[in-house]
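[1] Fold the following.
(chains A and B)
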Amino acid sequence: MMKGVRGLSLRLLLIAATLLVWEGLIRGLSVPAFILPAPSGIFVALYRGIASRLYIDHIGVTVGETLMGFALGSALAFSLGIAVALSRRVEYFLYPFIVMFQAMPKVALAPLIIVWFGLGITSKVVSAALVAFFPLMVNTIVGLRSADEDRINLMRSLAASRWQIFWMLRLPNAMPYIFAGLEIAMIFALIGAIVGEFVGAQSGLGMLIQSMNFTMDVAGQFSILLILSVLGLLLNSIVSGVRRRVLFWDPSQKIDAAGSAAAGKGGVQ
Amino acid sequence: MAPAAETAATREVIAVRRLSKRYGSRADAILALDDIDFAVPDREFLSIVGPSGCGKSTLLKILAGLIPASEGEALLNGTQIDGPRKDIGVVFQSPVLFPWRSVLGNVLLPADIQRLGREEMTKRAYDLLKLVGLDGFERRYPWELSGGMQQRVALVRALIHDPTLLLMDEPFGALDAMTREAMNVELQRIWMERRKTVVFITHSTAEAVFLGDRVLVMTPRPGKVGDLFQVELPRPRPLDVMNTEKFGGYVRRIRGVLNAGGGLE
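    This next block holds a predicted model:
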């Protein structure tokens, strides 16, 4: 493992070299900008978009949709996950629906959602919520059921009620699973929002990519892809930041911190 | 003549009468406990020793109210044990501490469940942690402690709500031999300071004799009472007592019972 200043400067050097080779190849081979733009063209497009406030407004719309969809999807997934994990009856009746929806690519519902909820923000929030819903629900169920037999016996031996076992044992015990689900849900919500905007929208980064595609503004599209990956990173780091504070006790935290984050725990789809 | 004092002296905290436990359906049921009879007077330290599979853990689970008996009855302070009770403290083989709770938080778990006064219980927790030599560790977390320290936290947690009965299920079984001996001395000291009625389950003959006022020997398949005798060694017993002829005699007596019962192959 490379560490410290040396590793960092080598990384930056590699990125700079890649951009330079890319720029050189585009210019040397005179590749047209509507096929593949040069990095310089992408940065110019990025600057223009931000300076004219065009991007800022659309970023605001997409982030808003993503966060609202995340909140809605997570709240539903969490409540339904608890209901399924705690009640065999609820699980029995909901199971066929869960299996069917889980296998279905949720983005295929986007055109229908636009028909039902219109071209405004609502349809994107619903689409984001729908895509974000499943990973968190599955993780909530798995997490709540993963409580160790010894720990349950301890709680029972102290004459704890079902509710106390839930609040003092099952829920905290499920938190690592729930946070893994939340991190995935956040990224999925962004995907859901963008897909919704692709299908039909008046604003948002997905809509912007679509309209740039029609005008063959490929450099513009690249600049928005750049923005989207930065957004994804930022949104993800919000959740993982909260996770690190809440789950200070989780031994898998240390592994995550050292290597890649967001790898799902348990039954992540 | 003081009949009240007399009954107090001989009061039975636990009375187990004709207790049997079957697992499985009627046809191919496995008999785990067969016709167990014993009583534990107030403030006695009873060791129950036997090989694995003799049903001693089943017996403890019945006493803790975690599983029902098939036949017979178990009484705690004269009332039948038909479910978990608030006046019992249990120490399991593993410490079973919650990593999201600090040492103090873990110790206060029974107080939280039984909604006892947090302030008074915290004071008690500090006293008990001091008693087991863990003062200064209140704000630490379980994963920062060694195995022996974790088991001491579990012991304090079992004592926090001042139960009449302390059940211990091979509490030092997962510790290395040296830590285990140290914990035995420690437990004796704590028990002498806070006299509780203790049922201590172990598969170590030496541990059973070292700690017990009396030793109940269980033989396996099905679990039966093989022997029950008094250990006449003065307290506090130092570790050296294990090298005495008398101690060796008790250990040989247990081995004899287990050999006759087919417990040791």
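[2] Show me the helices in chain B, by range?
    For chain B, helices defined by DSSP state H occupy the ranges B:3-10, B:56-63, B:103-107, B:109-113, B:118-131, B:147-159, B:177-193, B:205-211, B:245-260.
[3] So which of those helices is nearest chain A?
    Smallest distance to chain A across these (CB to the nearest CB): 4.7 Å, for helix B:109-113. Backbone N, C-alpha and C define where each C-beta goes, glycine included.
[4] can the closest one be found next to chain A?
    Yes: using CB under 8 Å from any CB of the partner chain, helix B:109-113 reaches chain A at B:Leu109, B:Pro110, B:Asp112, B:Ile113.
[5] ok now that helix, how far from the chain's centre?
    Centroid separation for helix B:109-113 versus its chain: 20 Å, with CA atoms, centre = their mean, to the nearest Å.
[6] Now tell me what touches that helix from outside.
    Under the criterion CB atoms under 8 Å, 6 or more residues apart in numbering or on different chains, residues A:155, A:158-160, A:164, A:168, B:89, B:98, B:101, B:116-118, B:121, B:157-158, B:160-161 lie in contact with helix B:109-113.
[7] Pull out the buried residues from those residues.
    By neighbour count, with 16 or more other CB atoms under 10 Å in any protein chain shown, the contacts of helix B:109-113 hold A:155, A:158-160, A:164, A:168, B:89, B:98, B:101, B:116, B:121, B:157-158, B:160-161 as buried.
[8] ok, B:Val96 - contacts?
    A:Asp148, A:Asp150, A:Arg151, A:Leu154, B:Ala154.
[9] tell me which element the residue nearest the centre of chain A falls in.
    Geometric centre of chain A, nearest residue: A:Ile187, 0.8 Å, by CA atoms, centre = their mean. Using DSSP states H and E, A:Ile187 maps to helix A:171-199.
[10] The closest residue to A:Asp57 other than its chain neighbours: what's it in contact with?
    Once flanking residues are discounted, A:Asp57 sits nearest to A:Ser203: 7.1 Å by CB to CB, 6 or more residues apart in numbering or on different chains. Counting by CB under 8 Å, 6+ apart, A:Ser203 touches A:Asp57, A:His58, A:Val61.
[11] Alongside chain B, which residues does the stretch 51-200 of chain A contribute?
    Residues of the stretch 51-200 of chain A lying near chain B (CB under 8 Å from any CB): A:148, A:150-151, A:153-160, A:164, A:168-169, A:172, A:175.
[12] And chain B, what are its domain boundaries?
    The record assigns chain B these domain ranges, following automatic domain parsing: B:41-69+B:80-87+B:165-265, B:98-163.
[13] My guess is B:Leu104 contacts B:Leu128. True?
    No: shown here, B:Leu104 and B:Leu128 do not form a contact pair, counting by CB atoms under 8 Å, at 10.7 Å.
[14] Those two: who's more crowded?
    More crowded of B:Leu104 and B:Leu128, by other CB atoms under 10 Å in any protein chain shown: B:Leu128, with 23 against 18.
[15] if I pick that one, what's in contact with it?
    Here B:Leu128 is in contact with B:Val107, B:Val156, B:Leu159, B:Ile160 (CB under 8 Å, 6+ apart).
[16] In chain B, where is pLDDT below threshold?
    Residues of chain B that meet the criterion pLDDT under 70 lie in B:1-10, B:261-265.
[17] Show me which residues of it sit near chain A.
    B:61, B:64-66, B:83-86, B:88, B:90, B:92, B:94, B:96, B:98-100, B:109-110, B:112-114, B:141, B:143.
[18] Which of the residues you listed fall in strands?
    Here DSSP state E is the test, and those give B:Ile88, B:Val90 as lying in strands.
[19] Among the residues of chain B next to chain A, name the buried ones.
    B:61, B:64-66, B:84-85, B:88, B:90, B:92, B:94, B:96, B:98-100, B:109-110, B:112-114, B:141.
[20] re earlier: out of the contacts of A:Ser203, which end up buried?
    A:His58, A:Val61.
[21] Turn the contacts of A:Ser203 into TSV, including distance to A:Gly181, pLDDT and secondary structure.
    Conversion of the contacts of A:Ser203 to TSV gives the following (distance: CB to CB, whole Å; pLDDT from 0 to 100; DSSP: H, G, I helix; E, B strand; the rest coil):
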residue	distance to A:Gly181	pLDDT	secondary structure
A:Asp57	31	93	helix
A:His58	28	94	helix
A:Val61	26	95	helix
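[22] between the contacts of A:Ser203, which is closest to B:Met178?
    A:Val61 (66.4 Å; CB to CB).
[23] Surely the closest one touches A:Gly204?
    Yes: assessed by CB under 8 Å, A:Val61 is found in contact with A:Gly204 at 4.5 Å.
[24] re earlier: state the pair within the contacts of B:Leu128 that is farthest apart.
    Of all pairs in those, the most separated under CB to CB is B:Val107 and B:Leu159 at 8.9 Å.
[25] the more surrounded of these two?
    B:Val107 (28 against 22).
[26] Who are the packing partners of the helix holding A:Ile187?
    For helix A:171-199, the packing partners by 3 or more CB pairs under 8 Å, 6 or more residues apart in numbering or on different chains; DSSP states H and E come out as helix A:54-86, helix A:110-117, helix A:121-145, helix A:205-214, helix A:218-246.
[27] Please save the CA atoms from the fourth one in CSV.
    The C-alpha atoms that make up helix A:205-214 are tabulated as CSV, following Å, rounded to 0.1, in the frame of the first residue of the first chain:
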residue,chain,number,x,y,z
LEU,A,205,-29.2,17.3,-14.7
GLY,A,206,-30.8,14.2,-16.4
MET,A,207,-33.0,16.5,-18.5
LEU,A,208,-29.9,18.6,-19.3
ILE,A,209,-28.0,15.6,-20.5
GLN,A,210,-31.0,14.6,-22.8
SER,A,211,-31.2,18.1,-24.3
MET,A,212,-27.4,18.3,-24.8
ASN,A,213,-27.6,14.9,-26.6
PHE,A,214,-30.1,16.4,-29.1
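[28] That one packs against which elements?
    helix A:54-86, helix A:171-199, helix A:218-246.
[29] returning to what we had before: with distance to B:Gly212 added, can I get the helices and strands packed on helix A:171-199 in a markdown table?
    Formatted as a markdown table, the helices and strands packed on helix A:171-199 follow (distance: least, CB to CB, whole Å):
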| stretch | distance to B:Gly212 |
| --- | --- |
| helix A:54-86 | 43 |
| helix A:110-117 | 71 |
| helix A:121-145 | 40 |
| helix A:205-214 | 74 |
| helix A:218-246 | 45 |
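[30] which of the ones you listed sits most buried?
    helix A:121-145 (a mean of 26; mean count of other CB atoms under 10 Å in any protein chain shown).
[31] If you compare the directions of it and helix A:205-214, what angle comes out?
    130 degrees (axes from the mean of the first three to the mean of the last three CA atoms, to 10 degrees).
[32] Which SSE is immediately downstream of helix A:121-145?
    helix A:149-157.
[33] list the helices and strands that next one packs on?
    helix A:162-165, strand B:88-91.
[34] Kindly reformat those as JSON lines containing distance to A:Gly73.
    Formatted as JSON lines, the helices and strands packed on helix A:149-157 follow (distance: least, CB to CB, whole Å):
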{"stretch": "helix A:162-165", "distance to A:Gly73": "26"}
{"stretch": "strand B:88-91", "distance to A:Gly73": "42"}
